[in-house]
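J.: Kindly return the folded structure for what I paste below:
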Amino acid sequence: MRARTWAAASAGAVLASLVAAIPAQAGPVEQVRESVRVDQGALTWGPCQDLRPVADEDLECATLTVPLARTADGGRAGEDDVRLALSRVRATGKARHTLLVNPGGPGSAGRMWASYTHQRMPARLRETHDVVSFDPRGVGASTPSITCDPGFFAPVRPDTVPADATAEAALRADAADYARSCAANTGPLLQHARTEDTAHDMDAIRAALGLDRIDYLGYSYGSYLGTVYSALYPDRVRALVLDSVVNPDNPWYESNLVQSRALDRAARNFFDWTARHDGVYGLGTTGEEVAEAYYSLRSELADEPAAGTVGPTELEGAVLPIAYSAAAWPSAAGALSSRINDGDDALLLALHEVHGEDADSDRGYGGYLAVQCTDSRWPEDWSTWRADAEEAHREAPFMAWNNVWYNAPCATWDAEADDWFQVGDGPGEHPAYDGDALLVHATEDGATPVEGAFALRERLPGSVLVTEEGGLTHGVAFTGNACVDEVVTAYLGDGELPVRAGGAGPDLTCEGRPEPAPGIVREEPGSAAAPAVHGMRGESGQPVE
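T.: All right, here's what the predicted structure looks like:
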């Protein structure tokens with residue numbers, strides 16, 4: 001999601017012995033010839049009116065009209081349309097390939113990622129690859145838009161940990177009201193927001209670009225989107241990079257319960273780091289002491305919110321990034337230290353302003369729910385939700401109840417859910433993509449636990465898994481690990497992958513990057529310390545440089 005620190009050593013020598021070149025073939029990865037280009041009349045590119053490039057690259061924008069509803073095989077069903085907002089940065093040399101990028105979510109706008117990714121890629125890839133990104137249907141500048149209730153996020157929001165049955169009932173009612181607002185204010189788009197719908201949109205983008213095949217880079221939820229796309233359109237994939245992998249065996253309800261525990265483990269990493277730097281932060285000399293200080297603050301804010309704005313739920317939103325990237329640790333620890341030790345709320349309020357939810361979060365949150373609530377089925381009996389939430393909270397109190405309420409509108413969602421799109425060779429499963437693919441994952445990722453990468457490796461027979469051992473960043477490729485970036489560059493540039501090893505993997509291990517240095521850091525809106533990769537909760541922002 002963030003963090004731009006370099007690995008301690010390059011893995012060039014290791015790669016030299018493990019990497020095997022993939023021969024030219026008629027399958028999904030074809031390395032010798034350029035991507036085939038045909039009629040591009042479906043798109044008219046021009047200057048972006050509402051986006052600025054990261055640096056001085058030429059950022060172009062276009063709009064593509066696609067069907068709102070499709071048949072099972074991707075054909076048009078009905079007359080209504082969706083207009084997708086696209087962006088592109090052209091290759092600095094002769095474009096041989098096009099890289100389509102999705103930063104995750106779901107519900108996250110993606111157009112700025114053409115510019116971000118172009119800047120992050122090494123010069124050799126910038127020379128040969130156009131980079132294209134898009135706002136998925138319903139979010140960002142794509143229309144029609146998903147709109148629910150912007151007032152839902154007004155502070156101070158109810159505590160996510162219900163004190164009693166009355167508080168729980170009120171939270172349930174709020175979730176149901178939000179679901180009703182989404183249905184009333186969005187309309188038929190909610191019936192057509194599954195991951196398969198976006199996968200079909202991706203192929204429409206490919207066709208409109210005039211390409212026979214695309215390269216794809218998907219982070220977080222984007223890894224699941226890429227898994228679905230490659231299963232639906234295996235012959236349209238040249239290269240497939242899936243980073244911070246969603247577990248294909250866990251539909252969203254189960255996935256969120258697993259995620260709550262992983263977020264808690266990641267938070268404990270932060271508490272331990274803060275304790276190691278007690279001389280800077282003064283919150284305790286053990287992780288347990290720091291955790292106690294955090295949860296005591298949470299209780300205090302329930303009684304008296306900071307500046308009448310930051311209560312316990314707002315605190316959770318402000319510190320959630322610590323479970324996504326170690327780059328967030330200094331600013332979060334500094335804000336907690338300033339409030340707990342000095343009674344100064346300024347840094348905490350600034351952290352909330354950068355990472356907290358507000359009226360502008362409505363479209364992203366609605367877009368998240370539109371996908372998750374219909375991608376798979378949810379328990380119909382609230383007692384199941386409650387029992388699972390209570391168990392998760394006992395084991396992982398950092399975000400367990402928060403995560404339950406974040407998804408609770410799915411319990412009463414208006415649009416019909418369907419079966420999870422599972423790839424594999426079992427009954428009812430969709431044939432998995434059997435071409436070459438690169439999976440990348442940090443072992444300490446809090447948003448998408450690393451077990452998901454091993455599970456997808458088992459289901460994609462041509463895949464290779466590279467792990468960042470001890471890595472603390474959600475979203476690894478092109479974020480500063482030289483070893484990982486060397487593998488990704490060799491694959492996208494030349495079709496070279498590490499050899500797939502026997503057993504469960506990983507196939508190559510890269511050393512994790514150093515932990516951040518301690519310090520008191522103030523985050524400002526639009527600052528480089530805000531998050532970049534979107535982690536299955538719709539978080540958004542700017543990358544750390």
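
J.: Could you report the pLDDT at Arg2?
T.: pLDDT for Arg2: 26.

J.: Gly502 too?
T.: Looking at Gly502, its pLDDT is 87.

J.: repeat for Gly104
T.: At Gly104, the pLDDT value in this model is 97.

J.: For it, list each beta-bridge partner.
T.: Under DSSP bridges, the beta-bridge partners of Gly104 are His534.

J.: Could you list which residues are in contact with the nearest residue to Ala306 once chain neighbours are set aside?
T.: Of all residues beyond its chain neighbours, the one nearest Ala306 is Asp345 (4.3 Å), with distances taken as Cβ to Cβ, 6 or more residues apart in numbering. To be clear about C-beta, it is placed using only N, CA and C from the backbone, and glycine gets the same treatment. Neighbour list for Asp345: 306-307, 310, 338-339 [criterion: Cβ atoms under 8 Å, 6 or more residues apart in numbering].

J.: and if you look at Glu416?
T.: Listed by Cβ under 8 Å, 6+ apart, the contact partners of Glu416 are 191, 374.

J.: Quick one: classify it as helix, strand or coil.
T.: Recorded secondary structure, Glu416: coil (DSSP: H, G, I helix; E, B strand; the rest coil).

J.: could you dump the contacts of Asp345 to JSON lines with pLDDT?
T.: As requested, the contacts of Asp345 are arranged in JSON lines below (pLDDT from 0 to 100):
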{"residue": "Ala306", "pLDDT": "98"}
{"residue": "Ala307", "pLDDT": "98"}
{"residue": "Val310", "pLDDT": "98"}
{"residue": "Ser338", "pLDDT": "98"}
{"residue": "Arg339", "pLDDT": "98"}
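
J.: any idea which helix or strand carries Leu100?
T.: In the assignment (DSSP states H and E), Leu100 maps to strand 97-102.

J.: Tell me the strands beside that strand, with direction?
T.: The sheet places strand 97-102 alongside strand 129-135 (parallel), strand 214-219 (parallel), with pairing taken from DSSP bridges.

J.: Check the offset of the helix or strand that comes right after the first one from the chain's centre.
T.: I take that to be strand 129-135. Past strand 129-135, further along toward the C-terminus, the next helix or strand under DSSP H and E is helix 165-186. Chain-centre distance of helix 165-186: 25 Å, with Cα atoms, centre = their mean, to the nearest Å.

J.: what about dumping the CA coordinates of helix 165-186 to CSV?
T.: Listed in CSV are the C-alpha atoms of helix 165-186, where the atom choice follows Å, rounded to 0.1, in the frame of the first residue of the first chain:
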residue,chain,number,x,y,z
ALA,A,165,-28.0,-5.3,22.7
THR,A,166,-29.5,-1.8,22.3
ALA,A,167,-26.3,-0.5,20.8
GLU,A,168,-26.0,-3.5,18.5
ALA,A,169,-29.5,-3.1,17.3
ALA,A,170,-28.8,0.6,16.5
LEU,A,171,-25.7,-0.3,14.5
ARG,A,172,-27.7,-2.9,12.6
ALA,A,173,-30.4,-0.3,11.8
ASP,A,174,-27.7,2.1,10.5
ALA,A,175,-26.3,-0.6,8.2
ALA,A,176,-29.7,-1.5,6.9
ASP,A,177,-30.5,2.2,6.3
TYR,A,178,-27.3,2.6,4.4
ALA,A,179,-28.2,-0.4,2.2
ARG,A,180,-31.6,1.1,1.5
SER,A,181,-30.1,4.4,0.6
CYS,A,182,-27.7,2.7,-1.9
ALA,A,183,-30.7,1.0,-3.6
ALA,A,184,-32.8,4.1,-3.7
ASN,A,185,-30.1,6.5,-5.0
THR,A,186,-28.2,4.2,-7.3
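
J.: quick one: Cys61 is in a strand?
T.: Yes. Going by three-state DSSP, the assignment for Cys61 places it inside a strand.

J.: and the closest residue to it other than its chain neighbours, how many neighbours does it have?
T.: In space, not counting the residues next to it along the chain, Cys61 is nearest to Cys48; the distance is 3.9 Å by Cβ to Cβ, 6+ apart. Here the neighbour count serves as a burial measure; for Cys48 (other Cβ atoms under 10 Å) it reads 22.

J.: Now do the contacts for Cys48.
T.: Counting by Cβ under 8 Å, 6+ apart, Cys48 makes contact with 59-61, 87.

J.: tell me which residues in stretch 256-273 are buried?
T.: 256-264, 266-271, 273 (16 or more other Cβ atoms under 10 Å).

J.: now, which of the residues you listed lie within helices?
T.: Cross-referencing the buried residues of stretch 256-273 with the helices (criterion: DSSP state H) gives 256-264, 266-271, 273 as the overlap.

J.: with those residues in mind, which one is nearest to Ala167?
T.: Nearest to Ala167, judged by Cβ to Cβ, of those is Ser260 at 19.3 Å.

J.: how far away is the closest one from Trp401?
T.: Remark: distance between Ser260 and Trp401 (Cβ to Cβ, to the nearest Å) = 9 Å.

J.: Could you tell me which residues touch both of these two?
T.: Overlap of the contact sets of Ser260 and Trp401 (by Cβ under 8 Å, 6+ apart) consists of Ala392.

J.: quick one: low-confidence ranges for this structure?
T.: Within the chain, the segments meeting pLDDT under 70 span 1-41, 524-545.

J.: Let's see that with 80 instead.
T.: By pLDDT under 80, the weakly predicted segments of the chain are 1-42, 73-74, 505, 520-545.

J.: all strands for it, in order.
T.: With DSSP state E, the ranges of strands along the chain come out as 19-21, 46-47, 59-67, 81-89, 97-102, 104-105, 129-135, 214-219, 237-243, 437-442, 463-469, 496-498, 508-511, 534-535.

J.: Using JSON lines, lay out the ones you listed together with distance to Tyr406 and mean neighbour count.
T.: Putting the strands of the chain into JSON lines (distance: least, Cβ to Cβ, whole Å; neighbours: other Cβ atoms under 10 Å) gives the following:
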{"stretch": "strand 19-21", "distance to Tyr406": "41", "mean neighbour count": "14"}
{"stretch": "strand 46-47", "distance to Tyr406": "37", "mean neighbour count": "9"}
{"stretch": "strand 59-67", "distance to Tyr406": "29", "mean neighbour count": "19"}
{"stretch": "strand 81-89", "distance to Tyr406": "25", "mean neighbour count": "22"}
{"stretch": "strand 97-102", "distance to Tyr406": "21", "mean neighbour count": "25"}
{"stretch": "strand 104-105", "distance to Tyr406": "13", "mean neighbour count": "31"}
{"stretch": "strand 129-135", "distance to Tyr406": "22", "mean neighbour count": "26"}
{"stretch": "strand 214-219", "distance to Tyr406": "20", "mean neighbour count": "27"}
{"stretch": "strand 237-243", "distance to Tyr406": "23", "mean neighbour count": "27"}
{"stretch": "strand 437-442", "distance to Tyr406": "23", "mean neighbour count": "28"}
{"stretch": "strand 463-469", "distance to Tyr406": "27", "mean neighbour count": "24"}
{"stretch": "strand 496-498", "distance to Tyr406": "36", "mean neighbour count": "21"}
{"stretch": "strand 508-511", "distance to Tyr406": "32", "mean neighbour count": "22"}
{"stretch": "strand 534-535", "distance to Tyr406": "12", "mean neighbour count": "30"}
